[in-house]
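Student: Let's see this in three dimensions:
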Amino acid sequence: MQSLNVLIVDDETNIRKTLTVFMESRGHRVKAVSNSRDANAEAEQQVFDIAFVDIRLGTESGLDLVLSLLNACPWIKIVVITAYASIESAVEAMKRGASDYIAKPFTPAQLELITARLAKVCGMEMRLASLQEDLNRMHPEVYFTSRYPSMQRAIELSRQVATSDALVLLRGPSGTGKTVLARSIHNWSQRKESPFGVVSCPSLSPELLESELFGHIKGSFPGAVRDKPGRVTFCEGGTLFLDEIGDLPLSIQPKLLRFIQDREYEQIGDHQTRKADVRIIAASNTNLDQAVREGDFREDLFYRLNGIQIDLPPLAGRPDDVEHLALNMLQFFAVQNLKNLEGLTEPARISLRMYSWPGNIRELRNVMERAVILGKKGQIGIELLPESIVSKTYPVRIGDHITLDVIEETHIRRILASSKSLQEAADILGIDQATLWRKRKQYGI
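Tutor: As a prediction, the model looks like this:
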């Protein structure tokens with residue numbers, strides 16, 4: 001059973017102690033209070049999965065507490081407990097949003113049964129939320145295998161840090177798969193059963209971005225017509241991925257730094273301090289060191305983010321990876337579009353391997369999706385690839401009516417695509433590495 005955050009509300013000391021001992025012995029985290037005021041205060045500070053609420057709290061009614069707890073934590077599962085069991089009170093509790101009902105005195109077996117059932121419901125809701133996130137960003141699975149040392153190092157380091165809660169900074173050009181790798185780190189971690197959320201820092205204004213991160217209360221700004229939990233709340237127990245964090249506005253940076261250090265935050269318009277257990281993974285395609293020097297990024301936040309840095313290499317210079325990814329994407333999109341496509345023709349395969357892929361994996365994905373949509377059956381040929389790729393990589397033959405520069409560029413591209421290192425390519429071409437470097441720069445390879 002997954003570890004749960006449990007709130008116990010009962011005015012009897014013995015009941016609170018009994019429930020606390022039972023829940024903590026099963027590995028759950030418990031807060032126990034005796035009245036509605038303290039219960040609401042706890043619910044405002046952290047997210048609870050299950051609440052056990054006594055139907056009589058001195059002069060107060062526990063039924064009145066049900067609605068306020070649900071307003072604070074819409075996904076909380078409330079179990080009403082009472083020594084005055086009746087069909088009427090059970091029905092009223094369910095009407096107000098309670099998930100279950102148990103009568104005093106209850107046995108450990110009854111508690112075990114009800115907790116296990118509600119834990120399954122909580123887990124299912126989290127998985128459904130994550131699946132919805134996946135559907136909204138549907139993409140083919142990227143297998144993290146590579147024959148290239150730079151990518152192998154990134155994969156191995158990612159698997160190592162996944163087992164910890166350490167903050168991770170992913171760096172690399174746009175389109176290299178930072179979001180996919182962040183999701184994989186989450187799936188390799190002990191948090192995999194909890195939500196994975198994504199916030200794109202450049203996509204929103206500072207005000208909306210802060211609301212997206214931390215949430216807001218009704219009336220806190222024009223258009224805030226209802227309370228809205230932020231991604232931090234949604235990702236309780238899971239992972240929050242901050243994409244392109246170099247574009248995070250300076251006004252929000254100290255609030256993020258505080259959350260990273262203390263796990264505390266406030267919603268917009270609310271002075272109540274809340275807590276959340278969320279792992280942060282960040283990504284950037286910009287030089288954060290330079291942003292710090294120019295005053296666009298806080299130095300203290302940069303040092304907190306830069307504890308474990310994983311560099312994702314560009315796709316250029318990794319032709320084997322290009323071919324593997326292309327075939328994988330072809331299969332994915334063929335199934336998605338109900339097409340019977342069987343692979344790549346030799347000219348198409350060579351063109352994909354030789355192209356420089358400035359847009360990296362994202363560009364390759366778009367190219368393969370386009371080819372599958374335009375294709376009918378059989379193999380994907382160069383006629384289904386964009387002209388921008390074919391014009392730069394189409395294989396030429398000696399004797400074609402073309403310039404010597406085109407022949408030289410094509411030959412160098414082929415040798416680079418089939419060589420394990422620049423030194424091996426230079427040896428095959430009969431030139432030194434400095435000359436090869438100048439040729440690559442000349443032809444944009």
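
Student: residue boundaries of the helices in the stretch 101-250 of the chain?
Tutor: 108-136, 149-162, 178-188, 206-214, 231-234 (DSSP state H, counting those that start in this stretch).

Student: need these in TSV with distance to R318, mean neighbour count and mean pLDDT, can you?
Tutor: Quick note: C-beta positions are derived from backbone N, CA and C, even for glycine. Formatted as TSV, the helices of the stretch 101-250 of the chain follow (distance: least, CB to CB, whole Å; neighbours: other CB atoms under 10 Å; pLDDT from 0 to 100):
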stretch	distance to R318	mean neighbour count	mean pLDDT
helix 108-136	26	14	75
helix 149-162	7	16	93
helix 178-188	15	21	92
helix 206-214	34	19	90
helix 231-234	33	22	92
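
Student: Now tabulate those helices in a markdown table and tack on distance to E244.
Tutor: Below are these laid out as a markdown table (distance: least, CB to CB, whole Å):
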| stretch | distance to E244 |
| --- | --- |
| helix 108-136 | 18 |
| helix 149-162 | 18 |
| helix 178-188 | 9 |
| helix 206-214 | 11 |
| helix 231-234 | 15 |
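
Student: For L7, which of these is the nearest?
Tutor: helix 108-136 (12.7 Å; CB to CB).

Student: among the helices of the stretch 101-250 of the chain, which is nearest Q267?
Tutor: Across the helices of the stretch 101-250 of the chain, closest to Q267 is helix 206-214 (CB to CB), at 5.5 Å.

Student: which other residues reach the closest one?
Tutor: With contacts defined as CB atoms under 8 Å, 6 or more residues apart in numbering, helix 206-214 is touched by 199, 201, 203-204, 221, 224, 228, 230-232, 248-249, 251-252, 255-256, 259, 265-268.

Student: Could you turn the buried ones of those into a PyMOL selection?
Tutor: Provided next is the PyMOL selection string for whichever of these are buried by 16 or more other CB atoms under 10 Å:
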select buried, resi 199+201+228+230+231+232+248+252+255+256+259+265+266+267+268
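
Student: returning to that earlier point: nearest to M354, out of the helices of the stretch 101-250 of the chain?
Tutor: That would be helix 149-162 among these, by CB to CB, at 18.9 Å.

Student: Alpha carbons of that closest one, in PDB - could you do that?
Tutor: Presented in PDB, the C-alpha positions along helix 149-162 are these (Å, rounded to 0.1, in the frame of the first residue of the first chain):
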ATOM      1  CA  PRO A 149      29.200   8.000 -25.100                       C
ATOM      2  CA  SER A 150      27.700  11.500 -24.500                       C
ATOM      3  CA  MET A 151      24.200  10.100 -24.600                       C
ATOM      4  CA  GLN A 152      25.100   7.000 -22.600                       C
ATOM      5  CA  ARG A 153      26.500   9.200 -19.800                       C
ATOM      6  CA  ALA A 154      23.300  11.200 -19.700                       C
ATOM      7  CA  ILE A 155      21.100   8.100 -19.500                       C
ATOM      8  CA  GLU A 156      23.300   6.400 -16.800                       C
ATOM      9  CA  LEU A 157      23.400   9.500 -14.700                       C
ATOM     10  CA  SER A 158      19.600  10.000 -15.000                       C
ATOM     11  CA  ARG A 159      19.000   6.400 -13.800                       C
ATOM     12  CA  GLN A 160      21.300   7.000 -10.800                       C
ATOM     13  CA  VAL A 161      19.700  10.200  -9.600                       C
ATOM     14  CA  ALA A 162      16.200   8.800 -10.200                       C
END
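
Student: Which strands or helices does that helix pack on?
Tutor: helix 178-188, strand 308-311 (3 or more CB pairs under 8 Å, 6 or more residues apart in numbering; DSSP states H and E).

Student: Can I get those in TSV including distance to A109?
Tutor: Shown next, in TSV, are these (distance: least, CB to CB, whole Å):
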stretch	distance to A109
helix 178-188	35
strand 308-311	45
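
Student: Point out the one among the ones you listed that comes closest to L69.
Tutor: Nearest to L69, of these and by CB to CB, is helix 178-188 at 28.6 Å.

Student: how much does the closest one deviate in direction from helix 149-162?
Tutor: 40 degrees (axes from the mean of the first three to the mean of the last three CA atoms, to 10 degrees).

Student: between the helices and strands packed on helix 149-162, which one is nearest to T273?
Tutor: helix 178-188 (26.4 Å).

Student: So which elements touch that closest one?
Tutor: Counting by 3+ CB pairs under 8 Å, 6+ apart, helix 178-188 packs on helix 149-162, strand 168-171, strand 196-200, strand 239-243, strand 279-284.

Student: need those in a markdown table with distance to S388, can you?
Tutor: Shown next, in a markdown table, are the helices and strands packed on helix 178-188 (distance: least, CB to CB, whole Å):
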| stretch | distance to S388 |
| --- | --- |
| helix 149-162 | 25 |
| strand 168-171 | 27 |
| strand 196-200 | 27 |
| strand 239-243 | 26 |
| strand 279-284 | 27 |
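
Student: Out of these, which gets nearest to Q423?
Tutor: Closest among the helices and strands packed on helix 178-188, using CB to CB: helix 149-162, at 14.2 Å.

Student: which outside residues touch that closest one?
Tutor: By CB under 8 Å, 6+ apart, the residues outside helix 149-162 that reach it are 144-146, 168, 181, 184-186, 188-189, 308, 310-313, 318, 321.

Student: Nearest to G381 among the helices and strands packed on helix 178-188 would be which one?
Tutor: Closest to G381 of these is helix 149-162 (CB to CB; 28.3 Å).

Student: by how many degrees do the closest one and strand 239-243 diverge?
Tutor: Using the same axes, to 10 degrees: helix 149-162 against strand 239-243 is 140 degrees.

Student: wait, isn't Q423 in contact with Q433?
Tutor: Yes. Q423 is within contact range of Q433, at 6.3 Å (criterion: CB atoms under 8 Å).

Student: re the thing from before, who wins for proximity to I361 among the helices and strands packed on helix 149-162?
Tutor: Minimum separation from I361 across the helices and strands packed on helix 149-162 (CB to CB) falls at helix 178-188, 7.8 Å.
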